[in-house]
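Colleague: Make a model of this:
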Amino acid sequence: MRLPVMDDLEVIDEINSEAQVYMACILQGHKLGVAYYDANSRELFVLDSWEDGYGEFSFVQLLKHQVQPLVIYTSTKMDESFLAALGRKEVSEAPEVKLVKSSIFSYEHAWHRLSFLHVHGMPEDLSHKERTYLLNSMMNLDSEMQVRAAGGLLTMLQEELLVDTIDMKKYETCTIQIQTISEISLDRFLMIDAATHYALQIFQVDKHPSYMGIGKSKEGFSLFGMFVDKCVTSMGRCLLRRWFLRPIIDLDVLNDRLEFISIFWHCDEMVAALYDTLKHVKDIPHLLKKFCSPSSMSTSVDWQQLSKSICSILHIQGIVEVGISQRQHDKDGMLKLATVKKILLLPSDEMLHINDLIYGAIDFDQTCGERSETMIAYGLCEEVATLEMNRIQKQHSTVYGGSIIYMPQVGYLMCFSGKKLDSDVLDVLPDIEFAFSGADKSEEEFFYRTSKTKELDSVLGDIYHKILDMERAILRDLELRVESVSLLLIEAASIAAELDCLLSLTSIAREYNYVRPTLTDGNVLHIKNGRLVLGHALPSFGLHCAELAGVAFEILNRASSTLGQIQNCQPIQRICSEKMALKDKHYRVLVENLLKFDCKHGNVKEFLAHIFSSDIDFAQESTS
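Modeller: Numbering: from 1, shown residues only. Below is the predicted model of the structure:
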């Protein structure tokens, strides 16, 4: 089987996995309703909370910073101060705020939209009451603000064709299809705003040098930038950003991560093997979205990446099993790690079965013709070609090399490479008719119609569209089989991303010789021989490059203080060294003597001689 492939037939190393988040936010009094949809993972998140309502809207700014939406939908009836807060630019780029009519966020309209929502795994034959109970287990349907925000967001996503829809025959309508619904949890996480992230230099945005909107900003010299460079998967980089944006405060989770770093600190070969394998794990949720979406067309490259990712995850499972068996002194500690447990519990048989289905249905090694979705290979009817060649060679001693081929919309033809049939052969065999000729990459080809090719045309006909229909049917069946285990594949991908993040933490901790902290519930912070993670709190990636290039510390320190004063809108302080202080003192004395000089009765020559002699004495003192 052959699928439509990309023009260059090159495997894409990195899929564009930039966050595509769409948010809806409404405010009624001090009650806030928020819903946002992640287009990559097809997940819907909902939340209701209280806002201070004093113009700052700190909670809204905190959610914007952590979710980083592309677009925010809200009602036209919202206050100007609330709209200004939604569009306010913090450290990162400001989202686009779209105003929609208020009826979209009405409770009745929103509830009607939610009642027809189809979540992955939900049976289609459920009654209205059963669907309500099932949705209530995923979100709080008693929360009016949650329902209004979620229903309004789904309406806008469907109107702007940002979500997939399916036909429900029972209700004779189209409904939105998503992967999961989750309530945003704030209990186990530390909420940090953008100003704190910037002040602590956890994130540092370096704008494009043009400052004209050309090009994208990049992560500068920051704490996150140090760790994210060690991640080798796009999923790992996204997960690590979420860890830094919303740090967890659960001591059990934190101690488990610290224990992972302590154990894998000394497993150099195992860490290297895991890194080499993780490089082949692609963005599985993004691939599944292409397979399951009716508006996207998958390619052979996509299926090859999914197959390679599954094999890599299974290989990771094998590496962990071998590593545990070889390290008896760390065996018990490894088996207690949460991430290791998840890796070992992955159903390898089921994942192998899916990978076998992909390889059984798709031929990754087959090559097709230029600008052709599919093409039957040369030598389709070898027996017919042999009979025709024998018949031709009986009439002429010249040896010809030919084969029967099929061309879409043309039919079956006899093809000869390099040499055209002689006229005496055509005279003896009148059923052979010259059709056309064409130059191949290596030599010229001549195409003929014979009685046998005409027979194939009448018996088989134009099978090109039949082939395409069969391929689409096989591909659709494969997509449905993969979709049935999408939750398993997404779970495996999340485990690989988590492993990538933990290996990144381990690599940085070992590279900079970090010491494991002792965590406590008490409000205590005791640091012994501590140091800044970044060495010097340089506010610019350019200063970091200058430091690596060997620029003197005095110059770097001066540049850093100058940039800080500029950012804080403060006047730049003058440099003051010992020599400059002496010079300032000398000039101060000269000015005082000039002010004391009596221009009317004083001796100008003596005054100037005294001034010049003092200048000479100062120059000698400063050089000595």
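
Colleague: Is Ile26 within a helix or a strand, and which one?
Modeller: Ile26 belongs to strand 21-28 when assigned by DSSP states H and E.

Colleague: Not counting sequence-adjacent ones, nearest residue to Tyr514?
Modeller: Ile508 (7.5 Å; CB to CB, 6 or more residues apart in numbering). No exception for glycine: its C-beta is placed from N, CA and C like everyone else's.

Colleague: In its sheet, which strands sit next to the strand holding Ile26, and in what direction?
Modeller: For strand 21-28, the pairing partners within the sheet under DSSP bridges are strand 31-38 (antiparallel), strand 71-75 (parallel).

Colleague: and the longest one, how far out from the chain's middle?
Modeller: Read it as strand 31-38. Taking the mean C-alpha point of strand 31-38 and that of its whole chain, the gap between them comes to 22 Å (CA atoms, centre = their mean, to the nearest Å).

Colleague: And it, what's buried?
Modeller: Buried residues in strand 31-38, defined by neighbour count with 16 or more other CB atoms under 10 Å: 32-38.

Colleague: do the shortest one as well
Modeller: The neighbour-count criterion (16+ other CB under 10 Å) identifies 71-75 as the buried residues of strand 71-75.

Colleague: Please identify which two of those residues are farthest apart in space.
Modeller: The most widely separated members of the buried residues of strand 71-75, counting by CB to CB, are Val71 and Ser75 (14.6 Å).

Colleague: can you tell which of the strands paired with strand 21-28 is closest to Ser423?
Modeller: Of all those, strand 31-38 comes closest under CB to CB, at 70.2 Å.

Colleague: CSV for the buried residues of strand 71-75, including distance to Gln409?
Modeller: Formatted as CSV, these follow (distance: CB to CB, whole Å):
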residue, distance to Gln409
Val71, 45
Ile72, 51
Tyr73, 48
Thr74, 53
Ser75, 55
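
Colleague: just curious, which of those residues is nearest to Ser577?
Modeller: Nearest to Ser577 among the buried residues of strand 71-75, with distances taken as CB to CB, is Ile72, at 52.1 Å.

Colleague: Quick check: the closest one vs Ala552, distance?
Modeller: Using CB to CB, to the nearest Å, Ile72 is found at 47 Å from Ala552.

Colleague: quick one on the thing from earlier: quick one: which of the strands paired with strand 21-28 is nearest Leu590?
Modeller: With CB to CB as the criterion, Leu590 lies closest to strand 71-75 of the strands paired with strand 21-28, at 64.0 Å.

Colleague: Kindly format the C-alpha coordinates of the very next helix or strand once past the closest one as PDB.
Modeller: Downstream of strand 71-75, the first helix or strand assigned by DSSP H and E is helix 80-86. Presented in PDB, the C-alpha positions along helix 80-86 are these (Å, rounded to 0.1, in the frame of the first residue of the first chain):
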ATOM      1  CA  GLU A  80     -13.600  48.200  29.900                       C
ATOM      2  CA  SER A  81     -11.200  47.500  32.800                       C
ATOM      3  CA  PHE A  82     -11.700  43.700  32.500                       C
ATOM      4  CA  LEU A  83     -11.200  43.900  28.700                       C
ATOM      5  CA  ALA A  84      -8.000  45.900  29.200                       C
ATOM      6  CA  ALA A  85      -6.800  43.300  31.700                       C
ATOM      7  CA  LEU A  86      -7.400  40.500  29.200                       C
END
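
Colleague: hmm, which helix or strand of this protein has the shakiest average pLDDT?
Modeller: Counting by mean pLDDT, DSSP states H and E, the weakest-scoring helix or strand in the chain turns out to be helix 382-395, with a mean of 54.

Colleague: what's the next secondary structure element after that helix?
Modeller: Of the helices and strands lying after helix 382-395 in sequence (DSSP H and E), the nearest is strand 402-407.

Colleague: Gly522 - how many residues pack around it?
Modeller: For Gly522, the count of nearby residues is 5 (other CB atoms under 10 Å).

Colleague: Just give the number of residues close to Ile358.
Modeller: With other CB under 10 Å as criterion, Ile358 counts 17.

Colleague: Neighbours of the nearest residue to Leu478 once chain neighbours are set aside, how many?
Modeller: Once flanking residues are discounted, Leu478 sits nearest to Ala361: 5.0 Å by CB to CB, 6+ apart. Counted with other CB under 10 Å, residues neighbouring Ala361 total 16.

Colleague: before we move on, back to that, how many other residues sit next to the residue nearest to Tyr514?
Modeller: Neighbours around Ile508, by other CB under 10 Å: 17.

Colleague: so it sits right up against Met226, yeah?
Modeller: Yes. Counting by CB atoms under 8 Å, Met226 is a contact partner of Ile508 at 6.0 Å.

Colleague: Isn't Leu70 up against Val21?
Modeller: Yes. Using CB under 8 Å, Leu70 is in contact with Val21, at 6.2 Å.

Colleague: now the strands for the stretch 351-500 of the chain?
Modeller: For the stretch 351-500 of the chain, the strands defined by DSSP state E, counting those that start in this stretch occupy 402-407, 411-417, 433-439, 444-449.

Colleague: now the last one, how far from the centre of its chain.
Modeller: By that I understand strand 444-449. The chain centre lies 50 Å from the centre of strand 444-449; the measure is CA atoms, centre = their mean.

Colleague: what angle separates that strand from strand 402-407?
Modeller: On the basis of axes from the mean of the first three to the mean of the last three CA atoms, to 10 degrees, strand 444-449 is oriented at 80 degrees to strand 402-407.

Colleague: Mind checking the pLDDT average for strand 444-449?
Modeller: Regarding strand 444-449, the rounded mean pLDDT is 84.

Colleague: returning to that earlier point: who's in contact with the strand holding Ile26?
Modeller: Outside of strand 21-28, the residues within contact range by CB atoms under 8 Å, 6 or more residues apart in numbering are 32-39, 51, 53, 60, 63-64, 67-75, 78-79, 82, 86, 95, 105, 145, 148-150, 152-153, 156-157, 162.

Colleague: With stretch 237-245 instead?
Modeller: Stretch 237-245 is contacted by residues 17, 19, 65-66, 192, 197, 202-203, 223-224, 227-228, 231, 494, 497-498, 500-501, 504 when judged by CB under 8 Å, 6+ apart.

Colleague: Put the alpha carbons of it into PDB.
Modeller: Extracted C-alpha coordinates of stretch 237-245, given in PDB (Å, rounded to 0.1, in the frame of the first residue of the first chain):
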ATOM      1  CA  ARG A 237      10.200  20.800  26.500                       C
ATOM      2  CA  CYS A 238       6.500  21.600  26.800                       C
ATOM      3  CA  LEU A 239       6.100  19.700  30.000                       C
ATOM      4  CA  LEU A 240       9.200  21.300  31.500                       C
ATOM      5  CA  ARG A 241       7.800  24.700  30.800                       C
ATOM      6  CA  ARG A 242       4.600  23.800  32.600                       C
ATOM      7  CA  TRP A 243       6.700  22.600  35.600                       C
ATOM      8  CA  PHE A 244       8.500  25.900  35.700                       C
ATOM      9  CA  LEU A 245       5.300  28.000  35.100                       C
END
